[in-house]
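Visitor: pasting a predicted model and its sequence here:
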Amino acid sequence: MSRATLWIVLLSVCALGVAGCGSSGHLAVTITTAPTTLAVGATANLIATVTNDHNNAGVTWACQPSVACGAFSFNPDATTSGTATVFTAPPAIPNGTSVTITATSVANTARSASVTITITASSTATNNFVFYASGVESATGNVYSIAGVVAISSDGNNTVIGGEQDYNDGAGGITSPQPSGDFISGGTLTINANGQATLTLITNNAALGPSGTPGTETFALAYTSSSHALIIQFDGSATSSGSFDQQSATIATPVSASFSFTDSGADNNGAPVVDGGVFTLDGSSNATGFYDTNDAGTVTLDNAIPAGVSAGPIDSLGRGNLIGGLAGAATINYYVVGPEVLRSINVDTTDTTVGSAYGQGDNAGSFSAASIGASAFELGSGVSFYGADGQFTTDGTSAFSGIADVNESVLDGGPIATAAAFNGSYTMAGNGYGSMTFTTGPTTDVTAFGIYAVDPGLNILDPNNTTTTASEGGALIAELDTNLVGTGVLVPQEATPDFGDVADAYAFIGNGDTGNSATGAPEFDFLGEGTIDAGAFSGTGALSDPQGALTTTDIESPNATFTGTFTPDGGNIGRSTTSITVASSAVPPDFTVAAPLGVTAYESNGALLFWLETDDGSFFVGSVQANLATDDDANPAKPRPNSQKR
């Protein structure tokens, strides 16, 4: 036999895996240990055995679908043969109810093994709450958005059982891993002695939260009822404001429904951007509709939602991923509060927005100019550094007139208007898509709003509230001006608002900025609970001022006090003014804001005020909402009839 022939024979034998050529058979992967079922958020050991893996390279682990499986599902994510990894189940049951686990050989990636694990509900009953907020990071000044859902035990212990969220500071470089988002694995809801609450969330995203406790976020809450609270981030790493609302016991991907929506945030240059519009979902969740965009003063109107956009399926916590780009964003996730309310967040890595979509109910397709009548409104933007509150009446066909307060002083020393008259014309199409064009604005910068009508039976600020019917209906607002970029709401106003009706317990919130920083306009946020009695306002709450905007030093005070006296404007019924002192002497750090804050309020009804700081170089905008809780149901830990099993 020639030498060449001999080598051919030897190579052929080795290729067949015959003993004596460095292998005793083909490399094979087998998953030898894995559960068939696993509860949401639970952990289990997984073991893979690799035969004929002569260098013991082991396997890498993966989980599908990626929308359900987090970036840190395995610890570690690679193991040697026979060594366990710890798998953490998704915090929610995915669409399809199961995940597929795959172990792939490192030595030969063509060799793998897979098992299916059915994800089941936890045995713990929970009340699930959807939250969202927008604000500014303390260290960088980057604008960020956050939205999520948290499951809190309904046994009275207020333990955070699980949840999921999305965080995005756009070009700042912190975006929750997609498409899964962050997993919330624990935390607590603590009811404070003053009736407010502190919510702590433990996430698997180490980029979030204070440096000493990476992955842990803290929020302050002020409840108006057991199903609705105002919320601000309150841990020094960032400050923001938003809403916290109980989720319906039964949730499903919305179909065959019409919605109005707005969102706001920052573009890839950090400049303010807002969107607003209307859309309809057909029986297959395909979206059609129109939207307006204002990106740093560049306004585009009547944009058609691109073909192919649809609401993807949701998991058991109501989180879904929008398929296709809406309003210019490539990637949007949403959280279902209930059949008519969605919270949305843009998770593009170059820009960030957060917002809401509200159902149009039975009025879908039948709105008209008569749908907008006497209204109180608020709008503004912490990114665009301004706020506005006001009231107006309409003729029911095409004209409106009213008064407003506008504070643009933080924006390059812009104007401040108080009780400034305005008028103009407006439109409202049958699909709820409308506009307001100002002939005379409260300032020269106010020229155009987009308005998007909602279900007349829906409370925009508190979607679970069916008690305060006077606050139901109205529209969302997107400001479509060259110099002002913001969003807000308009709510029906009583025919003859009487400040004498404003006499009860209230929760309040404010989001603002000042010019007290060489690096920009630092944000501050506050909320609390208090009373208004014969105009006298007194409240306690949490002040988040991580850049010393109001207090000249970094302060997160859980014991801030707010006092003042509202004086009705005799010449403009529905408008009132006050001077609010903000201080704290209960526990260190003690402080007193140097000067009382000058504030104007507009009354929608006795249960709802919009308020605005009108000082030069500082503003806040927010709301004062009636506290509907009684002594029996004020405690949000109390089990509710719609507690959900997880």
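Guide: The structure has been received and is ready for your questions.
Visitor: low pLDDT regions in the protein?
Guide: Within the chain, the stretches falling below the threshold (pLDDT under 70) are 1-24, 193-195, 256, 516-521, 587-588, 630-646.
Visitor: and Pro65, what does it touch?
Guide: In this structure, Pro65 makes contact with Pro94, Asn95, Gly96, Val99, Thr100, judged by CB atoms under 8 Å, 6 or more residues apart in numbering. C-beta here means a position set from N, CA and C on the backbone, and glycine is covered the same way.
Visitor: at 7 Å what do you get?
Guide: Remark: with contacts taken as CB atoms under 7 Å, 6 or more residues apart in numbering, Pro65 is in contact with Pro94.
Visitor: one more: the one 5 residues further on?
Guide: Neighbour list for Gly70: Pro90, Pro177, Ser180, Phe183, Asn204 [criterion: CB under 7 Å, 6+ apart].
Visitor: right, and Asp53 touches Leu27 too?
Guide: Yes. Between Asp53 and Leu27 there is a contact under CB atoms under 7 Å: 5.8 Å.
Visitor: who has more neighbours, the two?
Guide: Neighbours per residue, other CB atoms under 10 Å: of Asp53 and Leu27, the larger number sits with Asp53, 20 against 17.
Visitor: out of the contacts of Gly70, which two are the most distant from each other?
Guide: The span of these, defined through CB to CB, is set by Pro90 and Pro177 at 13.0 Å.
Visitor: out of these two, which sits in the busier spot?
Guide: Ranked by neighbour count (other CB under 10 Å), Pro90 and Pro177 place Pro90 first, with 25 against 16.
Visitor: report the contact partners of the residue nearest to the more buried one when sequence neighbours are not counted.
Guide: Here the nearest residue to Pro90 in space, its sequence neighbours aside, is Ala68; by CB to CB, 6 or more residues apart in numbering that works out to 4.5 Å. With contacts defined as CB under 7 Å, 6+ apart, the neighbours of Ala68 are Pro90, Pro94, Val99, Ser180, Asp315.
Visitor: tell me, what's touching Asp53 and Leu27 both at once?
Guide: When contacts are counted by CB under 7 Å, 6+ apart, Asp53 and Leu27 have Ser105, Ala107 as shared neighbours.
Visitor: domains for this protein, by residue range?
Guide: When the chain is parsed into structural domains using automatic domain parsing, the resulting residue ranges are 27-120, 125-247, 498-629.
Visitor: the residue nearest to Pro90 belongs to a helix?
Guide: No. Judged by DSSP: H, G, I helix; E, B strand; the rest coil, Ala68 forms no part of a helix; its state is coil.
Visitor: can you pull the phi/psi pair for it?
Guide: As for Ala68, its main-chain torsions (degrees, to the nearest 10) stand at phi -100, psi -30.
Visitor: quick one: it from Pro35, how far?
Guide: Computed with CB to CB, to the nearest Å, the distance linking Ala68 and Pro35 is 16 Å.
Visitor: again, but for Ser66
Guide: From Ser66 over to Pro35 the distance is 21 Å, taken as CB to CB.
Visitor: try Ser344
Guide: 35 Å.
Visitor: can you check Thr213 too?
Guide: Computed as CB to CB, the Thr213 to Pro35 distance reads 31 Å.
Visitor: and the closest residue to Thr33 other than its chain neighbours, how many neighbours?
Guide: Once its chain neighbours are removed from consideration, Thr33 has its nearest residue in Ile47; the separation is 3.8 Å (CB to CB, 6+ apart). The number of residues packed around Ile47, counting by other CB under 10 Å, is 17.
Visitor: under a three-state scheme, what state does Ile47 occupy?
Guide: Using three-state DSSP, the secondary structure recorded for Ile47 is strand.
Visitor: right, and it touches Thr32 too?
Guide: Yes. If you go by CB under 7 Å, Ile47 and Thr32 touch, sitting 5.2 Å apart.
Visitor: all helices for the stretch 501-646 of the chain, in order.
Guide: Along the stretch 501-646 of the chain, no segments are classed as helices by DSSP state H, counting those that start in this stretch.
Visitor: what segments of it are strands?
Guide: For the stretch 501-646 of the chain, the strands identified by DSSP state E, counting those that start in this stretch occupy 504-514, 523-533, 536-545, 555-565, 567-568, 575-584, 591-592, 597-605, 608-613, 618-626, 644-645, in order along the chain.
Visitor: circling back: more neighbours, Ser344 and Pro35?
Guide: In this comparison of Ser344 against Pro35, neighbours counted by other CB under 10 Å, the higher total goes to Ser344 at 26 against 16.
Visitor: who does whatever helix or strand that one lives in pair up with?
Guide: Ser344 belongs to strand 341-346 when assigned by DSSP states H and E. Applying DSSP bridges to the sheet, strand 341-346 is found paired with strand 332-338 (antiparallel), strand 352-359 (antiparallel).
Visitor: so where do the strands sit in the stretch 151-300 of the chain?
Guide: Counting by DSSP E, counting those that start in this stretch, the stretch 151-300 of the chain has strands at residues 160-168, 182-191, 197-203, 216-225, 228-233, 238-246, 257-266, 272-281, 287-295, 298-304.
Visitor: export the ones you listed to TSV and append columns for distance to Ala369 and mean neighbour count.
Guide: Converted to TSV, the strands of the stretch 151-300 of the chain look like this (distance: least, CB to CB, whole Å; neighbours: other CB atoms under 10 Å):
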stretch	distance to Ala369	mean neighbour count
strand 160-168	37	26
strand 182-191	44	20
strand 197-203	42	21
strand 216-225	32	24
strand 228-233	31	27
strand 238-246	29	25
strand 257-266	16	26
strand 272-281	16	26
strand 287-295	18	21
strand 298-304	18	13
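Visitor: how about those strands in TSV, adding distance to Thr80?
Guide: Supplementary listing: these in TSV, determined by distance: least, CB to CB, whole Å:
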stretch	distance to Thr80
strand 160-168	31
strand 182-191	26
strand 197-203	30
strand 216-225	33
strand 228-233	42
strand 238-246	41
strand 257-266	45
strand 272-281	49
strand 287-295	48
strand 298-304	54
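Visitor: to Thr439, which of these lies closest?
Guide: For the strands of the stretch 151-300 of the chain, distance to Thr439 was read as CB to CB. The smallest value, 18.2 Å, belongs to strand 298-304.
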